[in-house]
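Undergrad: Sequence below, structure please.
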Amino acid sequence: MSDTKSSTPCPICGKPRVQQFRLFCSKRCADVDLNRWFKGVYAVPVTETDDEDGDKPANEPPER
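TA: I've put the predicted structure just below:
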């Protein structure tokens, strides 16, 4: 692998990317990104609704 830089900036700090670290400019930025994944920072918020059969989600109590 070469250390040639890409024109697309690092998504963490904005510095030029380095091929050795793929999307990032350094190991530090790659580790910051990995930590964000582990903590769930990149999770997509979801609102549960009735499923396609019209049933309530399993974790929701039945209506009375």
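
Undergrad: can you give me the helices for this structure?
TA: For the chain, the helices defined by DSSP state H cover 27-39.

Undergrad: so where's it shaky on pLDDT?
TA: 1-6, 50-64 (pLDDT under 70).

Undergrad: in it, which spans are strands?
TA: 5-9, 16-18 (DSSP state E).

Undergrad: other SSEs contacting the shortest one?
TA: Contact here means 3 or more CB pairs under 8 Å, 6 or more residues apart in numbering; DSSP states H and E; on that basis strand 16-18 packs against strand 5-9. Any C-beta I mention is one placed from the backbone N, CA and C, and that applies to glycine too.

Undergrad: give me the number of residues near Pro11?
TA: If you count neighbours by other CB atoms under 10 Å, Pro11 ends up with 13.

Undergrad: Give me the spatial nearest neighbour of it, chain neighbours excluded.
TA: Spatial nearest neighbour of Pro11, excluding adjacent residues (CB to CB, 6 or more residues apart in numbering): Leu23 at 6.3 Å.

Undergrad: I figured Ile12 hits Phe21, correct?
TA: No - between Ile12 and Phe21 there is no contact under CB atoms under 8 Å: 10.4 Å.

Undergrad: Common neighbours of the two, please.
TA: Shared contacts of Ile12 and Phe21 (CB atoms under 8 Å, 6 or more residues apart in numbering): Cys29.

Undergrad: and stretch 27-44, which residues are buried?
TA: Within stretch 27-44, the residues scored as buried using 16 or more other CB atoms under 10 Å are Cys29, Ala30, Asp33.

Undergrad: For that stretch, which outside residues touch it?
TA: Cys10, Pro11, Ile12, Cys13, Lys15, Phe21, Arg22, Leu23, Phe24.

Undergrad: Surely the fifth one is in contact with Thr8?
TA: Same thing as Lys15. No - when contacts are counted by CB under 8 Å, Lys15 is not listed as touching Thr8 (10.9 Å).
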